[in-house]
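**Student:** Have a look at this fold, sequence not included:
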Ligand code: ATP
């Protein structure tokens, strides 16, 4: 991370805490590693990001429906999916610092460093070596690469490494009143399996015709070897996944479709296209015949935000075998049954949250010849902003608070609002800018005479006089989901 990016990331994380977006879990007990809580504004922003995804995937697609499956599933689900045997990360320990790392990530960090130093050929060579080692599951080769490229522990600075070992990422617990004799169950490491096991339930009860999709938003749990970079890699996180069931043979066409559609969805939030790139997987997961990541340029480099995977018929076939139940689709046109193929889109909600904050955050210099001035502003899309409008009485007297409350009571059913009467109007504007509120409405003495208010816009800082009667439409148009979804 360059100094300015490093600085930006620090500013964003401390801003997130200061304004009630994200807190460390159990902070009063010194925190729980890689677990975070969303605060009062974070919860609103997160809900809005979920709504954006849900509306675009479910509400706007007649052939996609949403479900909400349980976190606990029958243990055999994870045997069938391959997670019990194969959901591992290669880990390595530094004997001096006693710190544990993911071997592939240590190498990726070195690639990023080569790139930053302009050593493109070296970066390419290392990427090829990493891809080859990962695709052949060669742990010894990963260790060789770490030694050959003289990768040091970021904490101790030494190259005193253990061998590379595999580490299963699933959390388990016991179900039932007594620990003894009860069954071991897992906290789901992905939401996708809840969709696969409900494939026939949804298809039959919803009379769904292929191609169709099932979407779901929910918590997932992974005992990550190392967790870092704030909410980027957590042990408890949230996924938004959609499995799209297609006729075998058409999967590549749908893979291309979703690959493009998902990137467009990201860019529609107003984020520059240059901030994104595709990264094709060199090593395909056991279930996939094509896979790509959508990566975003975080202050610490390009990292995965979303994966699009062509999962073949792997999961449904596995569940058929282990459950002994048929999971097939009957095609009424051809009078044939088949196990559908699946294209998956899987996005991490917390990473989306982080990229949204990083992109929105700006320290703006507003100085002019007369005075020094600055503000911190979150340029969030109005539909995503946690607070849609703030309502201020100019002063605390002369009936202005009552009038402001009256407006608030009219608008609060449709919009999340904040009322503020403390400090100067300028200070109140700054507080709202810092949390990304798209507009502030000020009630002054003129309001009492002609029922108009001043509305001040966050990004342009321009003000206009509008009738109270028009506020509902004005704010409604500004924060409408249509602006994002059309
Ligand atoms: P990575 O390579 O970064 O570990 P992954 O390839 O294992 O991610 P997937 O299994 O494809 O991730 O999960 C889909 C999405 O879930 C990812 O694109 C990411 O946004 C999110 N995700 C995965 N693991 C985590 C985590 N530990 N914390 C937060 N989000 C995560």
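**Tutor:** Thanks, I have it. Note that this is a predicted model, so its numbers are computed, not measured.
**Student:** Tell me how many other residues crowd residue 426.
**Tutor:** Using other Cβ atoms under 10 Å, residue 426 has 9 neighbouring residues. All C-beta atoms are positioned from the backbone trio N, CA, C, and that covers glycine.
**Student:** And it, how close does it get to residue 387?
**Tutor:** Separation of residue 426 from residue 387 (Cβ to Cβ, to the nearest Å) stands at 18 Å.
**Student:** what residues are up against the residue of the chain found nearest the ligand?
**Tutor:** As assessed by Cβ to the nearest ligand atom, the ligand sits closest to residue 348 within the chain, at 2.2 Å. Residues counted as contacts of residue 348 (Cβ atoms under 8 Å, 6 or more residues apart in numbering) are 237, 238, 239, 240, 305, 306.
**Student:** Narrow those to those in strands?
**Tutor:** Taking DSSP state E as the definition of strands, the contacts of residue 348 contribute 237, 238, 239, 240, 305, 306.
**Student:** Neighbour count added to those, as JSON lines?
**Tutor:** Listed next are these as JSON lines, based on neighbours: other Cβ atoms under 10 Å:
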{"residue": "237", "neighbour count": "21"}
{"residue": "238", "neighbour count": "21"}
{"residue": "239", "neighbour count": "22"}
{"residue": "240", "neighbour count": "23"}
{"residue": "305", "neighbour count": "21"}
{"residue": "306", "neighbour count": "24"}
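**Student:** Residue numbers of the stretch 51-200 of the chain in contact with the ligand?
**Tutor:** Counting by Cβ under 6 Å from any ligand atom, the residues of the stretch 51-200 of the chain close to the ligand are residue 190.
**Student:** Helices of the stretch 51-200 of the chain, residue ranges please.
**Tutor:** 75-80, 83-86, 103-116, 120-135, 139-148, 192-196, 199-205 (DSSP state H, counting those that start in this stretch).
**Student:** Make TSV out of the ones you listed and add mean neighbour count and mean pLDDT.
**Tutor:** Formatted as TSV, those follow (neighbours: other Cβ atoms under 10 Å; pLDDT from 0 to 100):
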stretch	mean neighbour count	mean pLDDT
helix 75-80	18	95
helix 83-86	15	89
helix 103-116	18	92
helix 120-135	16	91
helix 139-148	16	95
helix 192-196	23	98
helix 199-205	16	97
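**Student:** And the ones you listed: which comes nearest residue 379?
**Tutor:** Among the helices of the stretch 51-200 of the chain, the nearest to residue 379 by Cβ to Cβ is helix 103-116 (27.0 Å).
**Student:** so what does that closest one touch, helix or strand wise?
**Tutor:** Applying 3 or more Cβ pairs under 8 Å, 6 or more residues apart in numbering; DSSP states H and E, one finds that helix 103-116 contacts strand 88-93, helix 120-135, helix 139-148.
**Student:** List the residue ranges of the stretch 151-300 of the chain that fall below the pLDDT cut-off.
**Tutor:** By pLDDT under 70, the weakly predicted segments of the stretch 151-300 of the chain are 177-182.
**Student:** before we move on, the earlier item: can you tell me which of the ones in strands among the contacts of residue 348 are up against the ligand?
**Tutor:** Okay, of the ones in strands among the contacts of residue 348 touching the ligand (Cβ under 6 Å from any ligand atom), that's 237, 239, 305, 306.
**Student:** what's the closest of the residues you listed to residue 419?
**Tutor:** Using Cβ to Cβ, residue 237 is the member of those that sits closest to residue 419, with 33.7 Å.
**Student:** What residues are bridge-paired with that closest one?
**Tutor:** Beta-bridge pairing of residue 237, defined through DSSP bridges, involves residue 220.
**Student:** thinking again about what came up before, now do the same for the residue of the chain closest to the ligand: its pLDDT.
**Tutor:** pLDDT recorded at residue 348 is 98.
**Student:** Relative to residue 53, how far out is it?
**Tutor:** Noted for residue 348: a distance of 11 Å to residue 53, by Cβ to Cβ.
**Student:** Give me the common contacts of those two.
**Tutor:** Joint contacts of residue 348 and residue 53 (Cβ under 8 Å, 6+ apart) are residue 240.
**Student:** re the thing from before, generate TSV for the ones next to the ligand among the ones in strands among the contacts of residue 348, with distance to residue 199 as supplementary columns.
**Tutor:** Below are these laid out as TSV (distance: Cβ to Cβ, whole Å):
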residue	distance to residue 199
237	24
239	18
305	26
306	22
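**Student:** Tell me the one of the residues you listed nearest residue 110?
**Tutor:** Nearest to residue 110 out of these is residue 305 (Cβ to Cβ; 22.1 Å).
**Student:** show me what contacts that closest one?
**Tutor:** With Cβ under 8 Å, 6+ apart, residue 305 has these contacts: 266, 293, 294, 295, 296, 347, 348, 351, 352, 355.
**Student:** same thing but at 7 Å, please
**Tutor:** By Cβ atoms under 7 Å, 6 or more residues apart in numbering, the contact set of residue 305 is 294, 295, 296, 347, 348, 351, 352, 355.
**Student:** for residue 387, same thing?
**Tutor:** Residue 387 makes contacts with 416, 417, 418, 435, 437, as judged by Cβ under 7 Å, 6+ apart.
**Student:** With residue 151 instead?
**Tutor:** By Cβ under 7 Å, 6+ apart, the contact set of residue 151 is 106, 107, 110.
**Student:** List the residues that contact the closest residue to residue 165 other than its chain neighbours.
**Tutor:** Sequence neighbours aside, residue 91 is the residue nearest to residue 165 in space, at 5.8 Å (criterion: Cβ to Cβ, 6 or more residues apart in numbering). Residue 91 makes contact with 100, 101, 102, 103, 165, 167, 225, according to Cβ under 7 Å, 6+ apart.
**Student:** Please report the confidence value the model assigns to residue 91.
**Tutor:** 93.
**Student:** Also the one 3 residues further on?
**Tutor:** With respect to pLDDT, residue 94 scores 95.
**Student:** how many other residues sit next to the residue nearest to it when sequence neighbours are not counted?
**Tutor:** Nearest residue to residue 94, sequence neighbours excluded (Cβ to Cβ, 6+ apart): residue 153, at 3.7 Å. Around residue 153 there are 20 other residues, counting by other Cβ under 10 Å.
**Student:** Ramachandran coordinates for residue 153?
**Tutor:** Here is the backbone geometry of residue 153 (degrees, to the nearest 10): phi -70, psi 130.
**Student:** same question, residue 362
**Tutor:** phi -150, psi 140.
**Student:** pretty sure it contacts residue 374?
**Tutor:** No: at 10.3 Å, residue 362 does not count as touching residue 374 under the criterion of Cβ atoms under 7 Å.
**Student:** rewinding a little: for residue 478, state which of the ones in strands among the contacts of residue 348 is nearest.
**Tutor:** After measuring the ones in strands among the contacts of residue 348 against residue 478 - Cβ to Cβ - the closest member comes out as residue 240, at 25.3 Å.
**Student:** Quick one: residues contacting that closest one.
**Tutor:** Shown in contact with residue 240 (Cβ under 7 Å, 6+ apart): 50, 53, 217, 347, 349.
**Student:** If we use 6 Å, what do you get?
**Tutor:** For residue 240, the contact set (Cβ atoms under 6 Å, 6 or more residues apart in numbering) comprises 53, 217, 347, 349.
**Student:** For these, which single residue is the most surrounded?
**Tutor:** In terms of neighbours by other Cβ under 10 Å, those top out with residue 347 at 24 neighbours.
**Student:** which element follows the helix or strand where that one lies toward the C-terminus?
**Tutor:** Element membership for residue 347, per DSSP states H and E: strand 341-348. Once strand 341-348 ends, the next helix or strand along the chain (criterion: DSSP H and E) is helix 349-360.
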